[in-house]
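Undergrad: sequence unknown, structure follows:
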């Protein structure tokens, strides 16, 4: 009776907390039960499902919910309980809510302390998610470092899934504070430990984190050396495989291997989950630049994708400048969106595009004019140099040597003479285009076949059982036949 009066004395916040907290706490308890079952039965898929359910609840994690869950899972006097509780701030209605949670658990079920290591690691993950969501990045760094130290002492297959998530948020917490370089040695050590323990999911996650660490500081050569020497195996996580393709595409683009970079970036964008809109935007930004560097012009539909129009607007204007071949327009677009390109870390690729703009403009000139003076070429290309005619002559000579245009140079008169355009279908260009499209479709088909998930071999097991039953029946008949022969011999 007194308890009801005390609860009514409080204002609306306690009522809202008490109405929302028990449902989230109840879901966390169900997830804990799922993890415990997966641990005892050694079924990793249950742990994966628990992680998936947790990611859907991470926005609902509150102080009171986490406190109640820690009380439910961990022993109050344990080291993990003391450490994790220290990261949670105090809240005004803590005593009343604790009493409420206690009464609910005492009436519904007896409080049982779970001591499996997986649940302790799961508690670290929940607290870490809460700290990052509350923007308490220094506490998140401390919590993630403590969880990594605990994981190093555990070599269990059921911990690997939880550990991969902690590795991810361990790196993310240090990235938010700008201290990624501090954990590079730790990540390399963890990757070595995961390799020795045959933790393939951990290796996959840590390799991506190391590549991200190197690329964050523009250490592309070191990233490529690590990638080439790291063990490769079949991908266990689609998300991690998409990240790997994205980082590999960036490395290939910086190393001037544009064809491989284009394939990797487009594949990463295609395989990415629909909800990962930010990742898809980044993949499309890099893929657009790589296609421009290859001399291709992306379709307008690439820039009109739902939810990406605003983010890809600078790249649309840049593509238009490259398509027209207008060097002045290209320069103005690069200056207008300089901050955007610097934030996206693609400024070096933008600088490389200047040569493509000049080549595109020169190709348009060679198609339009059968003969044109080098001075007019320089003026149409808008070359701003001390000797534009000499620069135009060298640019035309290099384009002719590379096969970009089909023309000749008349040095005595200072002319560029274009040759008559032939029928493209009499060349092997259509064959090359069809071959590239067929190769793309075949690769997509092979990847789809490899990604198929088949049900358990129930039919094979049924056939094995039938064969076993048939063999036993044949053995019984043979034994009966032998027994009958022995009886006839005795007779």
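TA: Perfect, thanks for sending it. Because the structure is predicted, anything quoted here is derived from the model rather than measured.
Undergrad: and residue 240, how far is that from residue 211?
TA: 11 Å (Cβ to Cβ, to the nearest Å). Where you see a C-beta, it was placed from the backbone N, CA and C, and this is true even at glycine.
Undergrad: Specify which residue of those two has the higher count of neighbours.
TA: residue 211 (25 against 20; other Cβ atoms under 10 Å).
Undergrad: Just the element for residue 210, please.
TA: Using DSSP states H and E, the element containing residue 210 is helix 200-216.
Undergrad: by contact count, what packs against that helix?
TA: helix 157-176, helix 184-196, helix 220-229, helix 238-254 (3 or more Cβ pairs under 8 Å, 6 or more residues apart in numbering; DSSP states H and E).
Undergrad: So residue 324 versus residue 379, what's the distance?
TA: Residue 324 sits 16 Å away from residue 379, going by Cβ to Cβ.
Undergrad: Let me fix that, I meant to ask about residue 309.
TA: 36 Å.
Undergrad: And for residue 414?
TA: 13 Å.
Undergrad: how about residue 356, phi and psi?
TA: The phi/psi pair for residue 356 (degrees, to the nearest 10) reads phi -70, psi -40.
Undergrad: cool, residue 417 as well?
TA: phi -110, psi 120.
Undergrad: cool, residue 77 as well?
TA: According to degrees, to the nearest 10, residue 77 has phi -90, psi 0.
Undergrad: Residue 372 too?
TA: Dihedral angles (degrees, to the nearest 10) for residue 372: phi -150, psi 140.
Undergrad: same thing with residue 371?
TA: phi -150, psi 130.
Undergrad: and what of the one 3 residues further on?
TA: With angles defined as degrees, to the nearest 10, residue 374 sits at phi -70, psi -30.
Undergrad: What is the burial count for it?
TA: Using other Cβ under 10 Å, the number of residues around residue 374 comes to 22.
Undergrad: Likewise for residue 442?
TA: Residue 442 has 10 nearby residues by other Cβ under 10 Å.
Undergrad: Sort out which residues of the helix or strand harbouring it are buried, please.
TA: For residue 442, the host element (DSSP H and E) is helix 429-450. Buried residues in helix 429-450, counted by 16 or more other Cβ atoms under 10 Å: none are found.
Undergrad: So residue 364 lies in a strand, does it not?
TA: No: Residue 364 is assigned helix when assessed by DSSP: H, G, I helix; E, B strand; the rest coil, not a strand.
Undergrad: Residue 195 versus the closest residue to it other than its chain neighbours, what's the distance?
TA: The shortest distance from residue 364 to any non-neighbouring residue, by Cβ to Cβ, 6 or more residues apart in numbering, is to residue 325 (5.2 Å). Using Cβ to Cβ, residue 325 is found at 50 Å from residue 195.
Undergrad: distance of residue 135 from residue 471?
TA: Distance from residue 135 to residue 471, by Cβ to Cβ: 67 Å.
Undergrad: any idea how far the one residue sitting closest to the centre of the chain is from residue 161?
TA: The structure's the chain has its C-alpha centroid closest to residue 243; by Cα atoms, centre = their mean the separation is 3.2 Å. Residue 243 sits 17 Å away from residue 161, going by Cβ to Cβ.
Undergrad: my guess is residue 377 contacts residue 362, does it?
TA: Yes: in terms of Cβ atoms under 8 Å, residue 377 counts as a neighbour of residue 362; the distance is 7.2 Å.
Undergrad: Under the pLDDT cut-off, which ranges of the stretch 151-300 of the chain? List them.
TA: 235 (pLDDT under 70).
Undergrad: Quick one: end-to-end distance for stretch 69-80.
TA: End-to-end distance for stretch 69-80, by Cα to Cα, to the nearest Å: 13 Å.
Undergrad: Show me which positions of that stretch end up buried.
TA: 69-74, 80.
Undergrad: do stretch 273-284 as well
TA: Here stretch 273-284 shows 279-284 as buried, counting by 16+ other Cβ under 10 Å.
Undergrad: between those, which is closest to residue 202?
TA: Residue 202 lies nearest to residue 279 out of the buried residues of stretch 273-284, by Cβ to Cβ, at 21.3 Å.
Undergrad: Roughly how far does the spatially closest residue to the closest one that is not a sequence neighbour sit from residue 283?
TA: Among residues not flanking residue 279 along the chain, residue 272 sits closest, at 5.2 Å (Cβ to Cβ, 6+ apart). Separation of residue 272 from residue 283 (Cβ to Cβ) stands at 7 Å.
Undergrad: hang on, the earlier thing: contact partners for the residue nearest to residue 279?
TA: Residue 272 makes contacts with 242, 279-280, 283, as judged by Cβ atoms under 8 Å, 6 or more residues apart in numbering.
Undergrad: The same query, at a cut-off of 6 Å, please.
TA: Residues counted as contacts of residue 272 (Cβ atoms under 6 Å, 6 or more residues apart in numbering) are 242, 279-280.
Undergrad: and stretch 363-373, how far out from the chain's middle?
TA: How far stretch 363-373 lies from its chain's middle: 46 Å, per Cα atoms, centre = their mean, to the nearest Å.
Undergrad: again, but for stretch 234-248
TA: Relative to its parent chain, stretch 234-248 has a centroid offset of 6 Å by Cα atoms, centre = their mean.
Undergrad: Pick the one among the contacts of residue 272 closest to residue 373.
TA: residue 280 (47.4 Å).
Undergrad: Can you tell me which helices and strands the helix or strand hosting the closest one packs against?
TA: Using DSSP H and E, residue 280 falls within helix 277-293. In terms of contacts (3 or more Cβ pairs under 6 Å, 6 or more residues apart in numbering; DSSP states H and E), helix 277-293 is packed against helix 258-271, helix 313-324.
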